[in-house]
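[1] what follows is a predicted structure for the sequence shown.
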Amino acid sequence: MQKVWGKIVGCLLGFAVGGPLGSIMGIIVGHIHDHQPPATAMDWNTTYAGFTGTSQQVTFTVGVIVLGAKMAKADGRVTRAEIDAFKRVFKTGPTQAKLVGRIFDQARKSVDGFEPYALQLSQTFRYNSTVLEEVLGGLFMIAAADSAGLRPAELQFLRRVADIFGFSKDDFYRIAARAGVSTPSHHPVSSENNESYAILGIKEGATADDIKAAYRDLIRKHHPDKLVAQGLPAEFIAIANEKMKRINVAYDTLCRAKGIK
């Protein structure tokens, strides 16, 4: 990840946003100037399914930090629980922690200006929706972290990000379920089995073969080892592990209910 942090300045030069951008760039330029030679701007025409190197990792890293901060600010205040949730979703080593904290603190001053970051992520990973799901799932976890749960402003923020990422209404509720978050839904969850169907992304009453096929597909796409192989930054693997646990529990629940061996 050292190259990633050394080139974050190049990433920010590629974002056409106003407001806090100048301040965030100042923070990062100063940090990079203090630690290593300045980086140059990069080509953002990434069109591959996996992470193709430093530019994609930088886009992911900066996008997650800024969207996470602005998500926490969506209801007007940033709570300690939301900050702790962000740290749980996006783990960093001591070398990067100070820079991440400074970017997060600057970005959380206002919820404004989040859409260009979401759009940049959407464009960069348009052929890898799994990565975009990881980001949205992390935002759900941050939004639901405090005792009030999801507030209307946070739900609106999440829906807008989901729209930019190209997710449907059904995708939205499925991703929330995989993140362990309950949302006002047109598919009310009335039992553990119903929630398990939502997590696996299949309809209630699915056959044993459908359940097995859905589970295998999710393992193939979302297993942390698979994501690491694609280049997902190690800082974000914690959320993938949590989601994988929920997927496994959902599958086990339906197997017991259906008598699947």
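    Thanks, I have it.
[2] all contacts plus neighbour counts: C-alpha atoms, from now on.
    Noted.
[3] for residue 69, what are its contacts?
    The contact partners of residue 69, taken as CA atoms under 8 Å, 6 or more residues apart in numbering, are 104, 105, 107, 108.
[4] I'd like these laid out as TSV, including distance to residue 224.
    As requested, the contacts of residue 69 are exported to TSV (distance: CA to CA, whole Å):
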residue	distance to residue 224
104	25
105	29
107	28
108	29
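[5] wait, which of those residues is closest to residue 120?
    Nearest to residue 120 out of the contacts of residue 69 is residue 107 (CA to CA; 16.2 Å).
[6] hang on, that closest one packs against residue 66?
    Yes. Applying CA atoms under 8 Å as the test, residue 107 and residue 66 come out as touching, 5.7 Å apart.
[7] the two: which is more packed in?
    residue 107 (27 against 24; other CA atoms under 10 Å).
[8] ok, then the element right after the helix or strand encompassing residue 172?
    Assigned by DSSP states H and E, residue 172 belongs to helix 169-178. Counting by DSSP H and E, the next helix or strand C-terminal to helix 169-178 is helix 192-200.
[9] list the buried residues in that following helix.
    Buried positions in helix 192-200, judged by neighbour count with 16 or more other CA atoms under 10 Å: 193, 194, 195, 196, 197, 198, 199, 200.
[10] helices along this protein, start to end?
    Counting by DSSP state H, the segments of the chain that form helices are 2-6, 8-13, 21-35, 54-73, 80-89, 94-107, 115-124, 129-143, 152-165, 169-178, 192-200, 208-222, 224-230, 237-258.
[11] circling back to that earlier point, same for the helix holding residue 172, what does it pack against?
    helix 129-143, helix 192-200, helix 237-258 (3 or more CA pairs under 8 Å, 6 or more residues apart in numbering; DSSP states H and E).
[12] ok, residues contacting the second one?
    Which is helix 192-200. With contact meaning CA under 8 Å, 6+ apart, helix 192-200 is reached by 173-175, 177-178, 189, 203-204, 211, 214-215, 218, 246-247, 249-251, 253-254, 257.
[13] if anything else comes up later, I'll come back, but that's it for now.
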